[in-house]
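Colleague: Task: produce atomic coordinates for the following.
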Amino acid sequence: NVVTAIDKIVAGTTTPVKLDISRCEGLYRAIVIQWLVQYNLMNFDHYEIQVSDDQTDWYSLRIDGVGWKDTLNADTDVASPFFIHTDIPLTGTTQEPTTLTLYYRMRQVTILGVESPWSDVGSATISGINVGDIIADAITNAKIATDAVDTVQIKNDAVQTAKILNDAITSDKIVAGAVVTGKLYALAVTSAKIDALAITVGKIAANAVQTQNLSVIARELINNISQTKVLNGWGGILEDGSGSTSIMSLVDATVNGAVTKVLRIFNSGNRSIRSKTFPVNHDKIYRYTIWLKKNSTEGPIYLGLSAFDEVNEGYEGSSSGAGDKLIKLYNASTRAYSSENVNSYFHNAFDQTVWTEYTTYIVGANRDVNDCPQHKLCTYIAKLGSDTTDVAIRILNWGNISSRTLDLCSPSITEVGAGQIVAENIVALAVIAGKIDALAVDTAELAAGAVTADKILAATITAVEIATATLEALFAKVLYVLTIGQDFT
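Modeller: You can find the predicted model right below:
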C-alpha cells in the first residue's frame, strides 16, 4: 500500500534484488509476464527479459510474428513491470497447427549498470483459437473469401454429418469427381436425401448412365441384404444403420453353391419383419423376388405386403406388421379377383427346407393385372388402391411349435420393364409374323384357349399342313375345327 511504499522509499537502497514473476499466462499466440517491484531501489533504470524453449539457451524476444526468439544470450529491455510477448507463431503445419510452451526469466538493472540475479523461471503455453473464443454466428459466408477453404485446409475426416447444415452442400461446392463410391456409406444416398427434380437430364453427362455402370442396388427399391451385406431398412434397423434388433441377424449361407449373406429370422413363436417402405407409382408394375429356406417343416411362412399413405420405417415383432390401406389380391395363374384386405399375403404354406425362389407382382392402381409376366410359386398378385403412396414387404415366421429359423436371400423389388417386355412396351403391330422365328411358338408356349377362330388367318390350314402333320396334330386340328363349327373337307 501507499504507506508501505513511502516507508520503503525513505529507507532507500541502490542494490537491486532478485525479483519474483507473479504472472505468466498464455493467450492466443501471446504470453503475459508480470513481476513484483522493488520500490526502495533508488537508482532503478530498466528490466531485462529473456525467453527459452528448453531453459538452456536464452534469447531476446521477437515480436514481429516471424518467430518467438531473436538473438542468443541477448535480452529485451522494458521499463514497466509487465510485458506482453505478442505474435508468437504456432508450431506444426498450416493444416495442423500445435501449441508452444515458452519459459521466461527477468532481472532489474540500476543506472550504474548493476544487475540483480535472474528471477526464477516462469512458463506458459500459447493457445490456438478454441470454440469458446468464437462468438456464435461470427463466421458467416460473407467472412470467408472465395476458395479460402479447400482440400489443403481441411483435415481428413474433418467433415462429418453433424457439421453440415441441411442444403449446405450444393452442386457448385463439389469438385468434379470428388464424390466416388468409396466416399459413400452403403445406402447413404436414398430417395429421402434427394430433392424432387434434383437430378435432371442437364445434370447427367452424355453416356454417363450405362447398364454396365449401374449397380444392381441402384435399381432396387428395398435393401437387398445379400448384395449390401447390411440389415439397414429391415426390422428394427433404420436406413442409416442405427436402431437394434432382437429377432433377426445377418449370417453366411450357401445358396445355389455360393456363400452369401442372408437375413435369418429366429426364435420360437410368431415372428415377423417388415422392410422400410418405398414410394409407388400407380402407372407401374413391380416385380418381387425372394429366396427362402426353413430349417424345419414345422410352422407356416407368409409372404405379405403392407400398404400406407405415408413413409414408414421397418418393423419387427410378434404381430403381423400389416399396413392400413386395402390391397386387392388376384389369382396369380388365372388373374381372377380373389379378395381384399389390409392384411394380405402373396403366399403362405409349410414350405421348403431347401432354397426356393418365389416371384410375384405388385400392380399400381392404374394398371391391369393381366399385364404382369408369369409368377413363380406365389398364389396371388397384389393390386394397390389409389390411396396408397408407400408399400413395404413383410415376411412372417409363424405358428412355431419349436425353435425354427427362416432364412431370406436376395429380396428384390424392381420395376417391370428392366429386361422384361410386357404389353405396354410393345408398339401396335410391332410383332408380326415376319419377326417370329420358324417353330419359335409351339404348343408348350400357348396358354389354354389362346388360339381362337378369329386368330387364324384364312386358308392357314391347308392340305399341305394336314398331309405333313403328325397323327396327333391332325386329330387336334380336326377337334378344333369341329369345335368352332367349320366344315372340314
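Colleague: got a list of what residue 314 touches?
Modeller: Residues in contact with residue 314 (Cβ atoms under 8 Å, 6 or more residues apart in numbering) are 233, 234, 235, 236, 237, 238, 273, 274, 275, 276, 392. (Each C-beta comes from the backbone N, C-alpha and C, glycine too.)
Colleague: State the number of residues packed around the third one.
Modeller: Residue crowding around residue 235 was assessed by other Cβ atoms under 10 Å; the count is 26.
Colleague: One more: residue 297?
Modeller: Residue 297 has 11 neighbours, counted by other Cβ under 10 Å.
Colleague: Pop the domain breakdown of the chain in here.
Modeller: 2-131, 217-415, 438-483 (automatic domain parsing).
Colleague: just the ones you listed: most buried one?
Modeller: Of all the domains of the chain, domain 217-415 has the most neighbours on average by mean count of other Cβ atoms under 10 Å, namely a mean of 18.
Colleague: Tell me how far that one lies from the chain's centre.
Modeller: Offset of domain 217-415 from its chain centre (Cα atoms, centre = their mean, to the nearest Å): 23 Å.
Colleague: what's the average pLDDT for it?
Modeller: In this model, domain 217-415 has a mean pLDDT of 91.
Colleague: ok, now stretch 91-104?
Modeller: On average, stretch 91-104 scores 86.
Colleague: picking up where we left off before, which of the contacts of residue 314 lies at the shortest distance from residue 59?
Modeller: residue 238 (59.5 Å; Cβ to Cβ).
Colleague: what's near enough to touch that closest one?
Modeller: Applying Cβ under 8 Å, 6+ apart, one finds that residue 238 lies in contact with 232, 276, 313, 314.
Colleague: Most widely separated two among these?
Modeller: Checking those with Cβ to Cβ, the most distant pair is 232 and 313, at 10.9 Å.
Colleague: Assumed residue 142 was part of a strand.
Modeller: No - checked against DSSP: H, G, I helix; E, B strand; the rest coil, residue 142 lies outside a strand; its state is helix.
Colleague: circling back: looking at the contacts of residue 314, which are in strands?
Modeller: The strands, defined by DSSP state E, take in 273, 274, 392 from the contacts of residue 314.
Colleague: Looks like the first one contacts residue 321 (just checking).
Modeller: Think residue 273. Yes - taking Cβ atoms under 8 Å as the definition, residue 273 is a contact partner of residue 321 at 7.3 Å.
Colleague: residues shared between the contacts of those two?
Modeller: With Cβ under 8 Å, 6+ apart, residue 273 and residue 321 have common neighbours 315, 394.
Colleague: Quick check: the gap between the closest residue in space to residue 309 that isn't next to it in sequence and residue 325.
Modeller: What sits nearest to residue 309 in space, not counting adjacent residues and going by Cβ to Cβ, 6 or more residues apart in numbering, is residue 389, at 5.1 Å. Counting by Cβ to Cβ, to the nearest Å, the separation of residue 389 from residue 325 is 9 Å.
Colleague: Now list whatever residues contact both of the two.
Modeller: Common neighbours of residue 389 and residue 325 (Cβ under 8 Å, 6+ apart) are 308, 309.
Colleague: if we can go back for a sec, shared neighbours of residue 232 and residue 313, which are they?
Modeller: 238, 239.
Colleague: If the residue nearest to residue 85 when sequence neighbours are not counted is in a bridge, with which residues?
Modeller: With Cβ to Cβ, 6+ apart as the criterion, residue 85 has its nearest non-adjacent residue at 4.7 Å, and that residue is residue 31. Going by DSSP bridges, residue 31 is paired in beta bridges with residue 26, residue 85.
Colleague: correct me, but residue 31 touches residue 24?
Modeller: Yes - between residue 31 and residue 24 there is a contact at 6.8 Å, judged by Cβ under 8 Å.
Colleague: Mutual contacts of those two, please.
Modeller: Residues touching both residue 31 and residue 24 by Cβ under 8 Å, 6+ apart: 104, 124.
Colleague: Export the contacts of residue 314 as CSV, with columns for distance to residue 92.
Modeller: Below are the contacts of residue 314 laid out as CSV (distance: Cβ to Cβ, whole Å):
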residue, distance to residue 92
233, 43
234, 46
235, 47
236, 45
237, 41
238, 40
273, 51
274, 52
275, 49
276, 45
392, 52
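Colleague: mind listing what residue 63 touches?
Modeller: 85, 86, 87.
Colleague: give me the element the residue nearest to the last one when sequence neighbours are not counted is part of.
Modeller: Read it as residue 87. Closest residue to residue 87 apart from its sequence neighbours, by Cβ to Cβ, 6+ apart: residue 65 at 3.7 Å. Using DSSP states H and E, residue 65 sits in no helix or strand.
Colleague: Where does the prediction get shaky in the stretch 101-250 of the chain?
Modeller: By pLDDT under 70, the low-scoring segments of the stretch 101-250 of the chain are 130-133, 151-153, 181-182, 185-193, 195-198, 200-203, 205-219.
Colleague: could you pull out the strands for it?
Modeller: Along the stretch 101-250 of the chain, counting by DSSP state E, counting those that start in this stretch, strands occupy 101-110, 122-125, 248-255.
Colleague: roughly how far apart are the residue nearest to residue 309 and residue 220?
Modeller: 19 Å.
Colleague: residue boundaries of the helices in the stretch 1-150 of the chain?
Modeller: 2-10 (DSSP state H, counting those that start in this stretch).
Colleague: Need the contacts of residue 63 in a markdown table (columns: pLDDT and distance to residue 178).
Modeller: Below are these laid out as a markdown table (pLDDT from 0 to 100; distance: Cβ to Cβ, whole Å):
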| residue | pLDDT | distance to residue 178 |
| --- | --- | --- |
| 85 | 95 | 42 |
| 86 | 94 | 40 |
| 87 | 92 | 37 |
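Colleague: on that earlier part again, including distance to residue 145, could the domains of the chain go into CSV?
Modeller: Listed next are these as CSV, based on distance: least, Cβ to Cβ, whole Å:
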stretch, distance to residue 145
domain 2-131, 15
domain 217-415, 35
domain 438-483, 69
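Colleague: So which of the ones you listed is nearest residue 176?
Modeller: Among the domains of the chain, domain 217-415 comes nearest to residue 176, with 20.5 Å by Cβ to Cβ.
Colleague: Okay, and the beta partners of the closest residue to residue 327 other than its chain neighbours?
Modeller: Distances taken as Cβ to Cβ, 6+ apart put residue 344 closest to residue 327, at 4.1 Å, once the chain neighbours are dropped. Per DSSP bridges, the residues bridged to residue 344 are residue 305.
Colleague: Let me see the contact set for residue 344.
Modeller: Residues in contact with residue 344 (Cβ under 8 Å, 6+ apart) are 304, 305, 322, 327, 328, 329, 380, 382.
Colleague: gap between the second one and residue 52?
Modeller: Spatial separation of residue 305 from residue 52 under the definition Cβ to Cβ is 77 Å.
Colleague: The fifth one too?
Modeller: As for residue 328, its distance to residue 52 is 86 Å (criterion: Cβ to Cβ).
Colleague: and if you look at the third one?
Modeller: From residue 322 across to residue 52, the span is 77 Å (Cβ to Cβ).
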